[in-house]
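Trainee: Give the three-dimensional model of this entry:
(2 chains)
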Amino acid sequence: GNSVTQMEGPVTLSEEAFLTINCTYTATGYPSLFWYVQYPGEGLQLLLKATKADDKGSNKGFEATYRKETTSFHLEKGSVQVSDSAVYFCALLTRDTGRRALTFGSGTRLQVQP
Amino acid sequence: DGGITQSPKYLFRKEGQNVTLSCEQNLNHDAMYWYRQDPGQGLRLIYYSQIVNDFQKGDIAEGYSVSREKKESFPLTVTSAQKNPTAFYLCASSLGQDQPQHFGDGTRLSIL
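Mentor: From the prediction side, this is the model:
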């Protein structure tokens, strides 16, 4: 079956530090990969996506590259801000028949200190 | 503005009571989804619907029911058979099955 594994949180960083949140996956076929962000008390917002191997998704300074050989989709940002504090979810969507819904990782909480 | 509206934001249920969570979207999306989120955990799929008048069970459908009579609406009923209903419930929709999902702001359900 499909699964997504994210690094345990919380991740605590100082403002302007470099961020990496690891995500690896197991899937049948060739999934599309996503990063979602959840701010306190809110729903999830799509942060970025990649639909095929070697694609790089990017948005608001965040980037992630679809690595088929290592089945990974790590999230990076060069310089975090306090406003980036949130929970980040890695997710996949497969194109095989049947279930067409996202499979989520458990989420990684990021805390950025001024 | 187009989006997904979930109501109410907070909901309380008494023992043995059924409650219904509302989800409405004006994005003209065909597919809709319900997820459950527990503290410190990811989202788990309850039900999903790819088209009007059709829906499928997700990973944790027991104790829940849905209907999809209109394209824009996908209400979720938490029945008394769901023994541990306290959670944050998120509704989502997508243009098609392979498209990114857009989420509402969620409903937090608690037991009195």
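Trainee: and A:Thr71, what is it in contact with?
Mentor: The contact partners of A:Thr71, taken as C-beta atoms under 8 Å, 6 or more residues apart in numbering or on different chains, are A:24-27. In this view, the C-beta of every residue, glycine as well, is placed from N, C-alpha and C.
Trainee: pLDDT at it, what is it?
Mentor: pLDDT recorded at A:Thr71 is 96.
Trainee: Likewise for B:Leu27?
Mentor: 95.
Trainee: That one in helix, strand or coil?
Mentor: Following DSSP: H, G, I helix; E, B strand; the rest coil, the label given to B:Leu27 is coil.
Trainee: Run a quick neighbour tally on the residue lying closest to it once chain neighbours are set aside.
Mentor: Distances taken as C-beta to C-beta, 6 or more residues apart in numbering or on different chains place B:Gly2 nearest to B:Leu27, at 4.7 Å, with adjacent residues excluded. For B:Gly2, the count of nearby residues is 9 (other C-beta atoms under 10 Å in any protein chain shown).
Trainee: can you check A:Asn2 too?
Mentor: For A:Asn2, the count of nearby residues is 17 (other C-beta under 10 Å).
Trainee: okay but it is in contact with A:Gly29, surely?
Mentor: No. Applying C-beta atoms under 8 Å, one finds A:Asn2 not in contact with A:Gly29, separated by 9.3 Å.
Trainee: so A:Ala101 touches B:Met32, yeah?
Mentor: No. Applying C-beta under 8 Å, one finds A:Ala101 not in contact with B:Met32, separated by 10.2 Å.
Trainee: can you list residues touching both of those two?
Mentor: By the contact definition C-beta under 8 Å, 6+ apart, A:Ala101 and B:Met32 are jointly contacted by B:Tyr48.
Trainee: Neighbour count: the two, which is higher?
Mentor: B:Met32 (28 against 25).
Trainee: Tell me if that one really is in a helix.
Mentor: No. Assessed with three-state DSSP, B:Met32 is strand; it does not lie in a helix.
Trainee: what sits against it?
Mentor: Here B:Met32 is in contact with B:23, B:25, B:48-49, B:68, B:74, B:91-93 (C-beta under 8 Å, 6+ apart).
Trainee: For ChimeraX, write the selection for the buried entries among those residues.
Mentor: Buried members of the contacts of B:Met32 can be picked out in ChimeraX with the line below, counting by 16 or more other C-beta atoms under 10 Å in any protein chain shown:
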select /B:23,25,48,49,68,74,91,92,93
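Trainee: Can you add secondary structure and give the contacts of B:Met32 back as CSV?
Mentor: Formatted as CSV, the contacts of B:Met32 follow (three-state DSSP):
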residue, secondary structure
B:Cys23, strand
B:Gln25, strand
B:Tyr48, strand
B:Ser49, strand
B:Arg68, coil
B:Phe74, coil
B:Cys91, strand
B:Ala92, strand
B:Ser93, strand
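Trainee: So which of the contacts of B:Met32 reach chain A?
Mentor: Among these, the residues that sit close to chain A (C-beta under 8 Å from any C-beta of the partner chain) are B:48, B:92.
Trainee: how many neighbours does B:Pro8 have?
Mentor: 12.
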